[in-house]
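# For reference, the sequence and a predicted model appear below.
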Amino acid sequence: MHIDPMYQFAIKEIVPIHLGGLNLSFTNSALWSFYAVGATILLFSFAMRGGALVPDRVQSVAEGFYGFVRNMVRDAAGDEGLKYFPYIFTIFLFVFFANMLGMLPYSFTVTSHLAVTGALALAVFVTVTAIGFKKHGTHFFSFFVPKDAPGWLKPILAVIEVISYFVRPLSHSVRLAANMVAGHAMLKVFAGFAAAMGVAGVLPMLGMLGVTALEFLVCAIQAYVFAILTAIYLNDALHMH
């Protein structure tokens, strides 16, 4: 039995749309992106419909998400960063639900593709850089020159800092996509072993259960990591050194 662990990441056209040589088709990636957005809207619409002083379980979950991310933003970027909390909260929820929905059978993991994670990371990079220039003007360029470094060393450090700054979108996006691909591919490999080994497949099945539990944890952690890195980058733009 041949099982391709990478087949689950294939982009498939659902509604073909081709205009002027461009492929604008509605794909499985777009569909599951809508599902992630819909899950977020559904959760908070249902949870906050009554806005009870004593929350029920669903409202407690929604408020838990809100309080967790708000405290994270405040700790990472200070009180000044709270004005950008809605943006970071939106990113966290999208990545979280996209990751979690990707764990469903026959689903598609949107965040396994660099086209998605790269777009999110690039949006963060542009937004944070714009905030830095808006607040500090051209003084923001001093962020790339460590002020306490010796004069002869500053040009070298400036080049290193500029390179590391512009590499941020790449590392920000690759970290998330690579973790999603690795974990899901491993699950498919264990499933292939279980199917091929017959009765003896109980061992890879047990391994698959452990990897599945771990992958749910990774999905949540990677949403947190993506959001907290966004908050850290925001802190750099607001407070520089």
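All right, it came through fine. Residues are numbered from 1 along each chain as shown.

# now Pro155: how far from Ser142?
14 Å (C-beta to C-beta, to the nearest Å). (Glycine included, C-beta is placed from N, CA and C.)

# tell me the contacts of the nearest residue to Asp236 once chain neighbours are set aside?
Nearest residue to Asp236, sequence neighbours excluded (C-beta to C-beta, 6 or more residues apart in numbering): Phe143, at 6.9 Å. Phe143 is in contact with Gly132, Glu161, Tyr165, Asp236, Met240, His241, counting by C-beta atoms under 8 Å, 6 or more residues apart in numbering.

# Confidence-wise, which of the residues you listed comes last?
pLDDT across the contacts of Phe143 is lowest for His241, at 67.

# Under the pLDDT cut-off, which ranges of this protein? List them.
1-2, 198-201, 241 (pLDDT under 70).

# where exactly do the helices run in it?
Secondary structure of the chain by DSSP state H: the helices cover 28-47, 57-77, 85-101, 114-136, 154-196, 202-239.

# Give me whichever of those helices is most buried.
helix 85-101 (a mean of 21; mean count of other C-beta atoms under 10 Å).

# Nearest to the spatial middle of this structure, which residue is it?
Val95 (4.2 Å; C-alpha atoms, centre = their mean).

# Arg175 is in contact with that one, correct?
No - in this structure, Val95 is not within contact of Arg175 by C-beta atoms under 8 Å, at 11.4 Å.

# Overlap in contacts, those two.
Gln222, Phe226.

# out of the contacts of Phe143, who's nearest Ala119?
Among the contacts of Phe143, Tyr165 lies closest to Ala119 (C-beta to C-beta), at 18.9 Å.
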